[in-house]
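**Q** Build me a model:
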Amino acid sequence: MESTSRIYVAGHTGLVGSALVQRLRAEGFERIIAPTPRPDLTDPSSVEEFFSREQPEYVFLAAAKVGGIHANDKARADFIRVNLQIETNVIDAAYRHRVKKLLFLGSSCIYPKFAPQPMQEQHLLTGALEDTNEAYAIAKIAGLVMCRSYNIQHGTNFIAAMPTNLYGPRDNFDIKTSHVLPAMIRKFHEAKVAGRPEVELWGTGTPRREFLHVDDLAAACVFLMQRFDARRDDYFVNVGVGEDISIKELAGLVRDIVGFAGTIRWNTEMPDGTPRKLLDVSRLQGLGWNAGVSLSDGIAQTYAWFLEHSSQ
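**A** This is a model prediction of the structure:
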């Protein structure tokens, strides 16, 4: 990418997309396409009109319908339908309008529920998925295969990044639809404000997860767009920190940062999800990139943003 390249960030108002726009601007890219109002990416005609008008040279496909374990389980049809529509419309338009390079954002949930740990890129499609997010995972796998298929049939340079669990400023803190870390921040904060003695969390606390700050993901995506080539390096790569933590340990860390003095009660009747999700990031590290934000610093930064934008 050149500083004057026309760069479209699909999903530029979301957690990842907004961090990408911020990172691109910080690195001196001057022509970022972040339209208001946004095109309806689930509508083929809206996407076609947008690409015809804007003619982007590079595309970061960060737009997606996302949510936590409860949302993924209860709105399965919505998750697979919306994400398949977005991926199909944007990837095909990128091909037809001769986009030089596209980066598709996937998810670590594409890997089998009981994949070897840490999970390597070659573990894709080697086993059954976690049931509660199967619909979302299949949609993301479809986007990944779509990129590869366009590369094979049409000679495109469409790459994909598979990030681990994300968090950071501008995250979704809605208890019903958020991921585990922002949900914890809100639960502990509201319990602290209300003076409650206890917070209930789902599951046993034993599953292990890896957490990547969204600013690190944005930096990795810009790095990959400039350094990773589907015609030379393969077509997708894991993005993570290479270390995990148990949900119980995470809860203790979040509780301390928020300043909640009460106890935690684990509701073991609720699902745990996948026992462990740790990415093998040796391919990315071999290219010369490593995450830079520590988990404790990242949580503190995220909580500070939450306080600034919370009504409490």
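**Q** In the helix or strand hosting S46, which residues are buried?
**A** Using DSSP states H and E, S46 falls within helix 44-54. For helix 44-54, the neighbour count (16 or more other C-beta atoms under 10 Å) marks 47-48, 50-51 as buried. From N, CA and C alone the C-beta is placed, and that goes for glycine too.
**Q** Which one of these is nearest to A115?
**A** Distance to A115 across the buried residues of helix 44-54 (C-beta to C-beta) is lowest for V47, with 33.3 Å.
**Q** For the closest residue to that closest one other than its chain neighbours, give its distance to K176.
**A** Nearest non-adjacent residue to V47, counting by C-beta to C-beta, 6 or more residues apart in numbering: N89, 4.2 Å away. Distance, N89 to K176, by C-beta to C-beta, to the nearest Å: 28 Å.
**Q** which one of the two has more residues nearby?
**A** Set N89 next to K176 and count neighbours by other C-beta atoms under 10 Å: N89 wins out with 24 against 11.
**Q** does the more buried one sit in a helix, a strand or a coil?
**A** Assigned by DSSP: H, G, I helix; E, B strand; the rest coil, the conformation of N89 is helix.
**Q** Residue numbering should commence at 405 henceforth.
**A** New numbering, starting at 405: the last item is N493.
**Q** Quick check: it vs R500, distance?
**A** Counting by C-beta to C-beta, the gap from N493 to R500 is 11 Å.
**Q** what does I703 give?
**A** For I703, the distance to R500 - C-beta to C-beta - is 43 Å.
**Q** Compare these two and say which is more crowded by neighbours.
**A** I703 (25 against 12).
**Q** Am I right that that one is in contact with I661?
**A** Yes. At 5.2 Å, I703 and I661 qualify as touching, with contact defined as C-beta atoms under 8 Å.
**Q** Neighbours of the closest residue to V645 other than its chain neighbours, how many?
**A** Leaving out its chain neighbours, the residue that sits closest to V645 by C-beta to C-beta, 6+ apart is A695, at 4.3 Å. When counting by other C-beta under 10 Å, one arrives at 25 neighbours for A695.
**Q** List phi and psi for A695.
**A** The phi/psi pair for A695 (degrees, to the nearest 10) reads phi -70, psi 150.
**Q** now swap in F640 and tell me
**A** The phi/psi pair for F640 (degrees, to the nearest 10) is phi -150, psi 160.
**Q** That one - how many residues pack around it?
**A** Counted by other C-beta under 10 Å, the residues lying close to F640 total 24.
**Q** Without its sequence neighbours, what residue ends up closest to it?
**A** Leaving aside its sequence neighbours, F640 sits nearest to A564 (C-beta to C-beta, 6+ apart; 3.8 Å).
**Q** Now the one you found: which helix or strand?
**A** strand 562-567.
**Q** C-terminal to that strand, what's the next element?
**A** Following strand 562-567 in sequence order, the next helix or strand is strand 569-571 (DSSP H and E).
**Q** Report the distance from the helix or strand just after that next one to the chain centre.
**A** Using DSSP H and E, the helix or strand that follows strand 569-571 towards the C-terminus is helix 584-598. With C-alpha atoms, centre = their mean, to the nearest Å as the basis, helix 584-598 stands 21 Å off its chain's centre.
**Q** Give me the contacts around helix 584-598.
**A** When contacts are defined by C-beta atoms under 8 Å, 6 or more residues apart in numbering, helix 584-598 is touched by residues 472-473, 569, 571, 575-577, 579, 582, 602-605, 613, 615, 651, 654-655, 658-659, 662-666, 703, 706-707, 710-711, 714, 716.
**Q** One more pass at 7 Å, please.
**A** Contact with helix 584-598 is made by 472, 571, 575-577, 579, 603, 615, 651, 654-655, 658-659, 662-664, 666, 706-707, 710, 716, as judged by C-beta atoms under 7 Å, 6 or more residues apart in numbering.
**Q** List the buried residues for that helix?
**A** Neighbour-count burial for helix 584-598 [16+ other C-beta under 10 Å]: 584-596.
**Q** now the strands for the stretch 505-654 of the chain?
**A** In the stretch 505-654 of the chain, the strands defined using DSSP state E, counting those that start in this stretch lie at 505-509, 562-567, 569-571, 602-606, 612-613, 615-617, 640-643, 649-650.
**Q** give the contact list for L616.
**A** Residues counted as contacts of L616 (C-beta under 7 Å, 6+ apart) are 567-570, 643-645, 695.
**Q** Buried ones among those residues?
**A** 567-570, 643-645, 695.
**Q** Any chance of a markdown table for those residues, columns distance to C513 and pLDDT?
**A** Formatted as a markdown table, these follow (distance: C-beta to C-beta, whole Å; pLDDT from 0 to 100):
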| residue | distance to C513 | pLDDT |
| --- | --- | --- |
| P567 | 10 | 96 |
| T568 | 10 | 95 |
| N569 | 9 | 92 |
| L570 | 12 | 94 |
| V643 | 14 | 98 |
| G644 | 13 | 97 |
| V645 | 17 | 97 |
| A695 | 19 | 96 |
